[in-house]
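Asker: Sequence plus the predicted model coming up.
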Amino acid sequence: FGTELLPLWRRHGAAIRALEAAEEEAESRWRQAQAFDERLITQLSRFGQQYADIGALVYRQVMGATSTAWNNKTGEAWPFMKEISSDGDVSTVDVIFPAF
């Protein structure tokens, strides 16, 4: 509480610096994403290929329903559940409560 959290894409400050960082980190991020995807599919495949296919799609859908902020105090990315409205709210009680 009381800590301003900027959107993850603004953690580098200026837009040009964000683009430079994206270019610098692209190969590393791609390898991380591929490794994660392989682990996810491997774990889900224990229950069958159809389960793995659906589980991978569900994971991506859930990630699409989050918004990520950058916390300068902790140096971490913090995910929040998006609100289904146009005012940009995140993690409101009516969204979080049904998730549990």
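Answerer: It's in.
Asker: Give me the local confidence score for Glu25.
Answerer: At Glu25, the model reports a pLDDT of 92.
Asker: An error on my part: the question was meant for Glu4.
Answerer: For Glu4, pLDDT reads 82.
Asker: residues near it, how many?
Answerer: 8 (other C-beta atoms under 10 Å). Heads up, the C-betas are built off the backbone N, CA and C, glycines and all.
Asker: does it sit in a helix or strand, and which one?
Answerer: For Glu4, there is no host helix or strand (DSSP states H and E).
Asker: Report the contact partners of it.
Answerer: Listed by C-beta atoms under 8 Å, 6 or more residues apart in numbering, the contact set of Glu4 is empty.
Asker: separation between the residue nearest in space to the middle of the chain and Lys73?
Answerer: Centroid-nearest residue in the chain: Met63, 5.3 Å away (criterion: C-alpha atoms, centre = their mean). Look at Met63 and Lys73: by C-beta to C-beta, to the nearest Å, they are 24 Å apart.
Asker: which stretches of this structure form helices?
Answerer: 15-45, 49-64, 93-99 (DSSP state H).
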